[in-house]
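Engineer: Generate a structure from the sequence data that follows.
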Amino acid sequence: MKIYHISTVHKRHDGRIFKKECVSLRKAGFDVSFVVADGQGDEFNSGVNIIDAGFPGKGRKNRFFKGTKSVQKIILRDKPDVLHFHDPELLFLARKMAKKHIVIYDAHEDLPKQIMSKPYIIPCLRKIIASLSGYIEKQTAKKIYGVISVVDEIVQRYQNYQPNTILIANYPIINSAENIHFELKNGAIVYAGGVTRIRGAQEMAEVARQIQEPIHIYGAIENEALQKECELLSHSFAKFYGQINQEELFNILRESSLGLIILHPVPNYINSSPNKLFEYMANGMAVIASNFPAWGKVVDNYKCGICVNPSEVQETVNAILYLKSHPEMAIEMGKNGRKAVLEHFNWEVESRKLIDFYREISLLFFGA
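Structural biologist: Alright, predicted model coming up:
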């Protein structure tokens with residue numbers, strides 16, 4: 001059974017698609033390839049064939065038209081058995097290919113809610129576009145073999161029109177033998193992830209100014225103007241490092257004490273399951289997170305941090321000052337989070353669901 005994971009958006013070494021899904025399936029004995037569109041050429045990595053469809057050019061329009069066309073050519077040429085799509089831009093192709101292939105759609109985000117949060121879409125058009133995208137998702141899901149998603153809310157929505165929808169959360173890959181030296185934690189406050197206004201960039205800058213202590217920010221920045229604005233607002237206490245590789249980032253997180261994730265309460269975030277929350281926990285950090293109900297269940301139930309109203313800067317300031325003045329509490333929260341990830345919130349648990357999902361396909365269609 002030949003499996004092709006396909007994306008014209010994500011990077012070839014993407015954390016969920018390549019490092020988690022593709023590599024896990026390959027280790028389980030499946031023939032796995034990952035089709036990307038970055039112009040960097042083909043590659044063989046960790047037993048997975050990375051097939052380059054060629055860079056379609058910048059912009060959503062090029063991805064949608066040129067990227068889809070290039071991917072379709074590869075599918076028609078190689079004739080894989082299973083097509084596992086990862087981008088909303090490829091939904092039309094997924095529906096078309098479902099006539100001759102086993103097709104899976106991996107819904108990483110709640111697309112209609114994501115559209116409602118996009119600042120570059122004219123507000124009066126967002127609801128129309130969101131409704132249209134939901135309709136396209138629905139019609140596509142009815143025609144394909146199954147859907148995978150990362151959070152319960154999206155799974156429940158898809159199950160209304162595609163019963164074969166399962167939850168495979170985007171929890172981190174954990175090395176359980178790796179020790180976290182809590183006594184060596186350096187007290188640093190860190191944010192890791194995309195740096196945008198709705199992810200709390202300005203609030204973090206204001207927090208840094210008030211506590212008069214650096215907040216170390218790792219991730220791709222929306223634009224240079226936002227960085228300059230935040231540096232000025234924070235009196236240079238907001239430190240921007242750009243995007244770094246995961247190994248380097250985890251080395252930093254293991255030494256740091258507090259992890260910030262104060263995203264705004266936009267529809268796409270409220271019921272999300274942010275990977276960075278679990279990465280902070282995995283690396284023994286006390287977390288300060290937005291007080292969304294889904295996040296609160298994790299933070300409060302496992303006593304691994306403090307939830308705050310992301311719109312109220314003073315709440316974040318107070319949480320940081322409390323944990324800085326009670327370092328033993330921060331360490332205890334870090335230990336609790338690490339324990340929760342080792343026992344529950346890790347990719348080892350989720351990968352078994354993915355492998356079982358594919359084994360069912362193998363038995364159902366190929367008798368092996």
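
Engineer: Please name the nearest non-neighbouring residue to residue 256.
Structural biologist: Spatial nearest neighbour of residue 256, chain neighbours left out: residue 188 (4.1 Å); criterion: C-beta to C-beta, 6 or more residues apart in numbering. (Each C-beta comes from the backbone N, C-alpha and C, glycine too.)

Engineer: ok, the one you found - how many residues close by?
Structural biologist: As a burial measure, residue 188 scores 18 neighbours (other C-beta atoms under 10 Å).

Engineer: Likewise for residue 230?
Structural biologist: Around residue 230 there are 26 residues (other C-beta under 10 Å).

Engineer: now do residue 290
Structural biologist: Residues near residue 290, counting by other C-beta under 10 Å: 24.

Engineer: where in the stretch 101-250 of the chain is pLDDT low?
Structural biologist: Low-confidence segments of the stretch 101-250 of the chain (pLDDT under 70): 176-177.

Engineer: Now do the helices in the stretch 151-300 of the chain.
Structural biologist: 152-159, 201-211, 224-233, 246-255, 267-270, 275-282, 293-301 (DSSP state H, counting those that start in this stretch).

Engineer: The residue nearest the centre of the chain and residue 14, how far apart?
Structural biologist: In the chain, the residue lying closest to the centroid (C-alpha atoms, centre = their mean) is residue 275, at 5.4 Å. Per C-beta to C-beta, to the nearest Å, residue 275 is found 12 Å from residue 14.

Engineer: Which neighbours do those two have in common?
Structural biologist: When C-beta atoms under 8 Å, 6 or more residues apart in numbering defines a contact, no residue borders residue 275 and residue 14 alike.

Engineer: ok, residue 313 - contacts?
Structural biologist: 203, 206, 207, 210.

Engineer: switch to 7 Å and redo it
Structural biologist: Applying C-beta atoms under 7 Å, 6 or more residues apart in numbering, we find residue 313 in contact with 203, 206, 207.

Engineer: swap in residue 58?
Structural biologist: No contacts exist for residue 58 under C-beta under 7 Å, 6+ apart.

Engineer: Quick check, pLDDT for it.
Structural biologist: According to the prediction, residue 58 has pLDDT 82.

Engineer: Residue 323: what secondary structure?
Structural biologist: Classification of residue 323 using DSSP: H, G, I helix; E, B strand; the rest coil returns helix.

Engineer: The nearest residue to it once chain neighbours are set aside: which element?
Structural biologist: Of all residues beyond its chain neighbours, the one nearest residue 323 is residue 330 (4.4 Å), with distances taken as C-beta to C-beta, 6+ apart. Assessed by DSSP states H and E, residue 330 sits inside helix 327-343.

Engineer: Which residues outside that helix are in contact with it?
Structural biologist: Here helix 327-343 has contacts from 172, 174, 176, 180, 182, 185, 257-258, 278, 280-282, 284-287, 302-305, 323, using C-beta under 7 Å, 6+ apart.

Engineer: Restricted to buried residues, select these in ChimeraX.
Structural biologist: Here is the ChimeraX selection string for the buried members of these, based on 16 or more other C-beta atoms under 10 Å:
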select :172,174,180,185,257,258,278,280,281,282,284,285,286,287,302,304,305,323
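
Engineer: The residue nearest to residue 256 reaches residue 259, doesn't it?
Structural biologist: No: Residue 188 is beyond contact range of residue 259, at 9.8 Å (criterion: C-beta atoms under 7 Å).
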